[in-house]
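**Student:** From the sequence below, what's the structure:
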Amino acid sequence: MDRGEINDYIIENLKDKLALFDISPGEIQKDFDLVKSGLLDSMAFIDLLADVEEKFQLEIDFEKAAEEDDFTSLGGMINIIMNLGNA
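**Tutor:** From the prediction side, this is the model:
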């Protein structure tokens with residue numbers, strides 16, 4: 001598992017939502033906040049995290065992860081997943 005694989009999985013998972021917002025996958029940068037942008041509501045964000053956990057066979061500690069300022073950004077999610085994968 002590497003950053004590119006995680007990034008691609010998340011973007012692929014968001015493809016339908018991105019289309020609704022007329023956002024191309026190439027426009028999504030690491031600092032793009034999935035929740036603050038309105039792309040995902042809190043429940044959709046949790047669903048995305050559950051999908052990521054299943055895909056990469058990880059368990060995310062939501063309380064600890066939520067302490068990170070950029071947790072809901074693409075880059076923040078990737079960092080948390082990478083840290084769990086390397087633990």
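
**Student:** For Leu48, which residues are in contact?
**Tutor:** For Leu48, the set of contacting residues under the criterion of Cβ atoms under 8 Å, 6 or more residues apart in numbering consists of Ile10, Asn13, Leu14, Leu34, Leu40. Backbone N, C-alpha and C define where each C-beta goes, glycine included.

**Student:** After the helix or strand where it lies, heading C-terminal, what element do we hit next?
**Tutor:** Assigned by DSSP states H and E, Leu48 falls within helix 42-56. Of the helices and strands lying after helix 42-56 in sequence (DSSP H and E), the nearest is helix 62-66.

**Student:** Remind me what the following helix or strand past that next one packs against, helices and strands.
**Tutor:** Toward the C-terminus, helix 62-66 is succeeded by helix 74-85 as the next helix or strand (DSSP H and E). Helix 74-85 makes packing contacts with helix 3-13, helix 42-56 when contacts are defined by 3 or more Cβ pairs under 8 Å, 6 or more residues apart in numbering; DSSP states H and E.
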